[in-house]
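Participant: requesting a structural model of the entry that follows:
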Amino acid sequence: MVKIKYLERPSLSIWEKIFFIDFIKGLKVTFKNLLQKTITTKYPYEKLTPPKRFRGVHAHRVKDGNEPPSFSVLEKFMDIETGESRCVACYMCQQACPMPSLFVIEAEQLPNGKKKVKKFEMNLLNCLYCGLCVDACPVDCLIMTDIYEMAQYQRKNCVIHMEDMSERGKDFDRRRLKEPDRIWIDDSERIKLWGQVKWS
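Facilitator: Down below sits the predicted model:
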């Protein structure tokens, strides 16, 4: 049989009862931050630019001459023109995803023996934004952008298509491809929001 041990509530001294010492101790953090500047932004009138590594809505990189070495190997079997999505329909993103049903990927075999992607759709209502699909992509096609405003009035508008993803990828690379891959754009931006970090 399990014995339950009860602890007695500590009794307060007369001074603690009169002057609410415990209450004042609890408000110490509040008093400390009462006159400091807040870090809350006035959204939607004030919007912060997320870090480059932010996991926002998905996009496709296009064939533009900046492909990784793995793309040149797979390109021999694909029919991809310059400016088109560099997706090679390997289905690695779908296999890595915890919710693989959110992907609809279709490719067709052309008369010349090469393959061409005809359809690439993602239903973002099922997406966890975990980024596993991005890590699995062998040709650095699927990326996550800094766009976070994706609310829609209809469910069908939450399905993103390959053409839209390619345009979004071009825009993201134009704005941020050469930016250092770090959490904050620069230290002044971080200090402005969070103050100077004091390392112990």
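Participant: tell me the confidence at the residue sitting nearest the centre point of the chain?
Facilitator: Centroid-nearest residue in the chain, with C-alpha atoms, centre = their mean: Arg55, separated by 0.9 Å. Turning to Arg55, the model gives it a pLDDT of 94.
Participant: what's the answer for Asn66, then?
Facilitator: The predicted local confidence for Asn66 is 88.
Participant: before we move on, back to that, the residue nearest to the centre of the chain and Gly131 touch, don't they?
Facilitator: Yes: counting by C-beta atoms under 8 Å, Gly131 is a contact partner of Arg55 at 5.2 Å. Backbone N, C-alpha and C define where each C-beta goes, glycine included.
Participant: hey, what's in contact with both of those two?
Facilitator: Met144 (C-beta atoms under 8 Å, 6 or more residues apart in numbering).
Participant: any regions of this structure where pLDDT drops low?
Facilitator: For the chain, applying pLDDT under 70 flags the ranges 1, 183-185, 193-194, 197-200.
Participant: this structure: strands as residue ranges?
Facilitator: 58-60, 103-109, 115-123, 142-144, 159-161 (DSSP state E).
Participant: now those in JSON lines, with mean neighbour count and distance to Arg190?
Facilitator: Below are the strands of the chain laid out as JSON lines (neighbours: other C-beta atoms under 10 Å; distance: least, C-beta to C-beta, whole Å):
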{"stretch": "strand 58-60", "mean neighbour count": "24", "distance to Arg190": "25"}
{"stretch": "strand 103-109", "mean neighbour count": "14", "distance to Arg190": "36"}
{"stretch": "strand 115-123", "mean neighbour count": "17", "distance to Arg190": "32"}
{"stretch": "strand 142-144", "mean neighbour count": "21", "distance to Arg190": "21"}
{"stretch": "strand 159-161", "mean neighbour count": "16", "distance to Arg190": "31"}
